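> Generate coordinates for the sequence data below:
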Amino acid sequence: MSETLLERLSAALPGVPTLAAEPLAKHTSFRIGGPAEALVCPRSEDELAAVLAVCRTEGITPRILGGGTNILAPDEGVPGVVISTRGLDALELNGDGLILAGAGVPLARLAVFAQKHGLTGLEFAHGIPGTVGGGMYMNAGAYGGELVQVAVSARFLTAEGELKCYEGEEMGLGYRRSAFMGLSGVIVSASFRLQAGDPEAIQARMKELMERRKASQPLDLPSAGSTFKRPVGGYAAALIQEAGLKGFRVGDAQVSEKHAGFVVNLGQATGAEVLTLIARVREIVKAKSGIELEPEVRIW
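Next comes the predicted model:
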């Protein structure tokens, strides 16, 4: 991005944190990714609207970055503007079990907030990395729970600057999908309807699920969570393990020895190595089982 454009961004967005040539490896759970030419961090809907307005003026289609826990960023970085939603972190209880959460609220924080207010229904989300925005975008879920079970609505700011509210089935929430995947804009916030429960029992359930996660997943190494979606007629991890690929590696990118559904960064993995590894896993699993695995991780 030219210095002139950076100056225009700064001039048009006074007070909005804007970082030049910011390494995406610092903002992704894979710890992989070259520099974003401009990383902009709005802290309110008004600031976000202003960022989108500048992008329209400049003819830029921005990339949206939440917690960075489901992203593989390229080694060479990305041109243009990356919008971080982490500053959209408002969280409040609106009575009768309704929680309003900004897109940048971590799902773990959301689950703890619900627990402290004696509300059950989000225990499954406690161990899921990422934010409300990213979670709604892909209908995050674990251990039999999904956001679709408790999500009431989502507010969405289009690339043209129009604020829309999607309710119920309008959100199109299904297995690792939503209506937002086909739209250009940013999820601003979401609301969740929960039921009254015992705070201690809720906390115990969250602890139980976290212990299960720690026992079965390679949480000690950088990754983007489950690398592949669950295929029809099987489970990705089982198919990968049956293909003899547990521990298979390309450079410092490795199919986890603890859980074959995860690709992990052993230390210095590059995006290119992860992509090569994913391609090889898909190729070998297809040859051995006839099933084609679809990546769950979003590849920029």
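> Which helix or strand contains the spatially closest residue to residue 193 that is not a sequence neighbour?
Closest residue to residue 193 apart from its sequence neighbours, by Cβ to Cβ, 6 or more residues apart in numbering: residue 152 at 4.9 Å. All C-beta spots, glycine's among them, are computed from the backbone N, C-alpha and C. Element membership for residue 152, per DSSP states H and E: strand 151-158.
> what angle separates the helix or strand following that strand from strand 151-158?
Counting by DSSP H and E, the element after strand 151-158 in chain order, helix or strand, is strand 163-167. If you take axes from the mean of the first three to the mean of the last three Cα atoms, to 10 degrees, strand 163-167 sits at 160 degrees to strand 151-158.
> Pull up the pairing partners for the helix or strand just after strand 163-167, direction included.
As assigned by DSSP H and E, the chain's next helix or strand after strand 163-167 is strand 185-193. Sheet partners assigned to strand 185-193 using DSSP bridges are listed as strand 98-102 (antiparallel), strand 151-158 (antiparallel).
> Make TSV out of the ones you listed and add mean neighbour count and mean pLDDT.
Conversion of those to TSV gives the following (neighbours: other Cβ atoms under 10 Å; pLDDT from 0 to 100):
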stretch	mean neighbour count	mean pLDDT
strand 98-102	22	98
strand 151-158	20	97
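> Now do the contacts for residue 55.
Residues near residue 55 by Cβ atoms under 8 Å, 6 or more residues apart in numbering: 61-62, 81, 159.
> Count residues in the vicinity of residue 184, would you?
Using other Cβ atoms under 10 Å, residue 184 has 12 neighbouring residues.
> what pLDDT does the most centrally placed residue in the chain get?
Taking Cα atoms, centre = their mean, the centroid of the chain lies closest to residue 134, which sits 4.0 Å from it. In this prediction, residue 134 carries a pLDDT score of 95.
> now swap in residue 1 and tell me
Reading off the model, residue 1 has pLDDT 49.
> Return the distance of residue 26 relative to residue 48.
Distance check for residue 26 against residue 48: by Cβ to Cβ, to the nearest Å, it reads 21 Å.
> Same check on residue 242?
45 Å.
> Quick check on those two: which one has the bigger neighbour count.
Neighbour tally, residue 242 and residue 48, criterion other Cβ under 10 Å: the higher count belongs to residue 48, 25 against 14.
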